[in-house]
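Trainee: this one's sequence-less:
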């Protein structure tokens with residue numbers, strides 16, 4: 001890898017069943033390869049954010065915060081769309097946090113209980 005390469009789409013162990021990459025190893029490898037930055041983009045969560053941010057800063061690697069957000073697909077509910085979202089500043093982080101919170105409140109909780117077609121009337 002060249003020193004100018006920046007990976008903007010990395011899933012870690014916090015993407016649950018999608019990755020086994022651990023944050024300390026990721027940051028260490030980025031520093032070894034002299035990568036100036038790397039983006040953490042776990043699926044639908046920011047669970048590893050603080051650990052990633054602190055370790056990247058300590059290693060001299062710029063942390064880029066983001067995530068893969070699943071968005072409901074009305075045409076095919078079993079295959080949601082995925083948006084890769086990266087933040088640029090504190091406002092972007094606040095907006096991303098709000099989106100993740102809303103996805104858990106309005107989407108993932110319901111999805112975990114099954115398809116809306118099978119929900120009982122309340």
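Mentor: Looks like it came in fine. Because the structure is predicted, anything quoted here is derived from the model rather than measured.

Trainee: and the helices in this protein?
Mentor: 23-32, 49-59, 90-103, 109-112 (DSSP state H).

Trainee: flag every buried residue along the second one.
Mentor: Just to be clear, that refers to helix 49-59. By neighbour count on 16 or more other C-beta atoms under 10 Å, the buried set for helix 49-59 is 49, 51-52, 55-56, 59. C-beta coordinates here come from the backbone N, C-alpha and C atoms, glycine included.

Trainee: possible to save the residues you listed as CSV with distance to residue 7 and pLDDT?
Mentor: Shown next, in CSV, are these (distance: C-beta to C-beta, whole Å; pLDDT from 0 to 100):
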residue, distance to residue 7, pLDDT
49, 17, 96
51, 18, 97
52, 13, 98
55, 15, 98
56, 12, 98
59, 15, 98
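
Trainee: and of these, the nearest to residue 38?
Mentor: Checking the buried residues of helix 49-59 against residue 38 by C-beta to C-beta gives residue 56 as the nearest, at 6.9 Å.
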